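Q: dropping the sequence and predicted coords here.
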Amino acid sequence: MSFREIAVTIRAVNRASNEFARIQTDAEAVSTRIKSLGSAIAGLGATGTAIGHIANQFGLLNDEQARVFNSAMMVISVMGMFMRTSWGVAVAQKIYTVACSIATAAQNALNISYATFLALTGVGIAVIIGAAAAMWYFSTQMNSATASVQSFNEAVAEAPTRTRSIIRTSEEELYRRGVE
């Protein structure tokens with residue numbers, strides 16, 4: 001292995017290390033946010049449980065309603081506490097990864113549809129240009145045909161009348177039959 005190859009390898013490892021460090025920093029920031037969200041959810045559940053007990057004490061909720069409400073709030077508290085654990089962070093990150101994948105797929109679909117729109121617009125413009133070129137070609141051919149007919153008519157007009165009145169013998173029979 002030459003010195004140049006070693007230097008290239010070291011640069012690649014250094015760049016990869018920087019990217020891995022950035023990914024680690026991002027992952028730690030997400031973990032911190034998830035744990036913070038878990039704490040907030042656990043607090044919301046605990047607050048809801050306390051409100052359920054107070055509502056039951058004041059008679060706003062009967063015992064059955066208070067039991068259902070407090071059970072729901074305890075489930076929310078447990079979910080919040082679970083999100084503060086390493087397992088909870090891992091599950092939340094998996095869910096976040098799935099959500100990002102879905103968002104990426106949706107963005108790719110939008111990009112594809114936009115690219116298709118641009119391609120079809122380009123094809124449409126090309127068709128219009130092609131049609132315009134064909135119309136120009138057709139009009140120039142028609143102009144040259146019209147000029148040719150005009151020059152023929154001018155040449156015939158200059159010819160003496162006796163040369164124009166020459167009729168072949170077979171045509172005279174046809175003309176006579178058409179009159180009868």
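A: Sure thing, it's come through.
Q: in this structure, which helix or strand is least confident?
A: helix 161-164 (a mean of 58; mean pLDDT, DSSP states H and E).
Q: tell me the contacts of the residue most central in space within the chain?
A: Centroid-nearest residue in the chain: L110, 1.8 Å away (criterion: CA atoms, centre = their mean). Counting by CB atoms under 8 Å, 6 or more residues apart in numbering, L110 makes contact with nothing. In this view, the C-beta of every residue, glycine as well, is placed from N, C-alpha and C.
Q: can you give me the helices for the chain?
A: Secondary structure of the chain (DSSP state H): helices at 3-57, 63-83, 86-158, 161-164, 169-179.
Q: out of those helices, which is the most enclosed?
A: Across those, averaging neighbours per residue (mean count of other CB atoms under 10 Å) puts helix 63-83 on top, at a mean of 15.
Q: what mean pLDDT does that one get?
A: Mean pLDDT, computed over helix 63-83, is 89.
Q: equivalent analysis for stretch 44-54, please.
A: In this model, stretch 44-54 carries a mean pLDDT of 92.
Q: how far out from the middle of the chain is stretch 39-58?
A: Here the centre of stretch 39-58 is set off from its chain's centre by 45 Å, with CA atoms, centre = their mean, to the nearest Å.
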